[in-house]
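1. Pasted the sequence and its predicted model underneath.
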Amino acid sequence: MTEANLRGTLGRLWDRVAGPVLADLRPVARPDGSLPRLWWCPTGQLALLPLHAAGHHDEPGRSVLDTVVSSYTPSLRALHLARQRAVPDGGRMLVVAMPQTPGQAPLPNVAAEQALLEDLFGADQRTVLRESDAVAERVLAELRTHQYAHFSCHGTQNLNEPSRAGLLLADGMLSATDLLAGRLETDLAFLSACKTATGGVWLSDEMITLAAALHHAGCRHVIATLWSVYDPAAAFVSDHVYRQLKRDGGLDTEAAAHALHSAVVRLRDRHPDRPSVWIPFTHTGP
């Protein structure tokens with residue numbers, strides 16, 4: 001799809017879906033100037049479309065990004081359960097870094113993301129699994145003992161069988177099914193990989209995505225991507241989000257949606273004619 005087609009799609013999504021919803025809700029900015037939150041719970045083919053990015057972005061005020069801070073939820077029950085979970089203080093960061101993956105293009109900005117997290121989290125606060133160390137069994141085991149997780153790697157999606165979506169690691173794929181089989185207490189997972197919030201075609205109502213799988217498994221906040229992403233854009237978003245969230249002893253994950261929104265707006269302002277750069281990034285969670 002060309003950039004012009006993407007802009008047209010975003011405009012039609014505004015005219016037919018997001019605009020009428022927001023006109024009915026009449027969201028109002030808070031006294032401090034921050035935008036209100038809105039949770040999207042799409043079904044059917046809408047689950048494949050970027051409702052959070054809908055709008056006529058060349059007309060100020062006629063876009064979702066200018067009106068609310070968007071999040072997604074696979075179901076109302078999932079959102080309710082995520083809100084009930086306690087938010088622990090402090091915590092460790094798991095970094096899964098795959099700059100080189102067999103059969104895939106190299107990801108040169110993985111090193112920048114790893115360096116950022118090593119700068120923000122001391123040696124006693126982080127675990128780094130890089131290339132040959134990043135095997136599925138160990139990644140799953142480490143996820144159960146870390147409060148935060150960041151994946152810098154390739155992702156893949158199977159639109160006919162969305163449960164076979166996965167993150168590509170050193171020994172193959174860590175799938176949505178693998179994640180659903182576990183029980184996590186992760187507060188934030190950042191999937192700096194392609195197609196990690198994309199559902200399926202035939203079972204799109206079920207919202208079986210990597211982001212949804214992590215969320216259902218116990219991860220409160222998940223930052224993921226709808227489509228393929230540009231490596232420099234993923235690095236920029238990672239840097240912006242983590243620097244916004246970093247607090248002594250950990251991350252202020254309750255601000256995750258706002259931090260991602262801020263990063264996406266900055267990308268849009270830098271690349272107004274290239275929506276493919278900033279559309280893909282999504283937040284799932286409370």
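-> Good, I have the coordinates.
2. Could you chop this structure up by domain?
-> 3-82, 90-284 (automatic domain parsing).
3. The longest one: how far from the chain's middle?
-> What it means is domain 90-284. Centroid displacement of domain 90-284 relative to its chain, using Cα atoms, centre = their mean, to the nearest Å, is 6 Å.
4. and if you look at stretch 8-23?
-> The answer for stretch 8-23 is 22 Å, by Cα atoms, centre = their mean.
5. so how far is the first residue of that stretch from its last?
-> 20 Å (Cα to Cα, to the nearest Å).
6. in stretch 181-192, what counts as buried?
-> Judged by neighbour count using 16 or more other Cβ atoms under 10 Å, the buried positions of stretch 181-192 are 184, 185, 186, 187, 188, 189, 190, 191, 192. C-beta: built from backbone N, CA, C; applies to glycine.
7. What's the mean pLDDT across it?
-> Stretch 181-192 carries an average pLDDT of 87.
8. hmm, back to that, what two of the buried residues of stretch 181-192 have the greatest distance between them?
-> Spatial extent of the buried residues of stretch 181-192 (Cβ to Cβ) is set by the pair 185 and 192 at 21.4 Å.
9. In the protein, which residue sits furthest out from the middle?
-> residue 31 (27.8 Å; Cα atoms, centre = their mean).
10. any idea how far that residue lies from residue 136?
-> According to Cβ to Cβ, to the nearest Å, residue 31 stands 47 Å off from residue 136.
11. Now do the helix or strand of the chain with the lowest mean pLDDT: which elements does it pack against?
-> Every helix and strand in the chain was compared by mean pLDDT, DSSP states H and E; the lowest is strand 155-156, with a mean of 79. Counting contacts by 3 or more Cβ pairs under 8 Å, 6 or more residues apart in numbering; DSSP states H and E, strand 155-156 packs against strand 166-169.
12. Please identify the buried residues of the strand it packs on?
-> For strand 166-169, by 16+ other Cβ under 10 Å, it's 166, 167, 168, 169.
13. so the second one makes contact with residue 174?
-> Yes. Counting by Cβ atoms under 8 Å, a contact exists between residue 167 and residue 174, whose distance comes to 4.7 Å.
14. So, low pLDDT: which residues of the stretch 1-150 of the chain?
-> 87-90 (pLDDT under 70).
15. just to revisit the earlier point, so which of the buried residues of strand 166-169 is the closest to residue 39?
-> Once Cβ to Cβ is applied, the member of the buried residues of strand 166-169 that ends up nearest residue 39 is residue 167, at 24.9 Å.
16. Kindly export stretch 26-45 (C-alpha atoms) in CSV.
-> These are the backbone C-alpha positions of stretch 26-45, laid out as CSV (Å, rounded to 0.1, in the frame of the first residue of the first chain):
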residue,chain,number,x,y,z
ARG,A,26,-17.0,14.5,23.3
PRO,A,27,-13.7,13.9,25.1
VAL,A,28,-12.2,17.0,26.9
ALA,A,29,-8.6,17.6,27.7
ARG,A,30,-7.7,17.5,31.4
PRO,A,31,-6.9,20.7,33.4
ASP,A,32,-3.2,20.0,33.0
GLY,A,33,-3.6,19.9,29.2
SER,A,34,-3.2,16.1,28.9
LEU,A,35,-5.5,14.2,26.6
PRO,A,36,-8.1,11.8,27.9
ARG,A,37,-7.7,8.0,27.4
LEU,A,38,-9.8,5.9,25.1
TRP,A,39,-9.8,2.1,24.8
TRP,A,40,-10.6,0.4,21.5
CYS,A,41,-12.0,-3.1,21.5
PRO,A,42,-12.4,-3.8,17.7
THR,A,43,-13.8,-7.0,16.3
GLY,A,44,-14.0,-8.5,12.8
GLN,A,45,-12.0,-6.8,10.1
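17. which stretches of the stretch 151-286 of the chain form strands?
-> 155-156, 166-169, 172-175, 188-192, 221-225, 246-247, 250-251, 281-284 (DSSP state E, counting those that start in this stretch).
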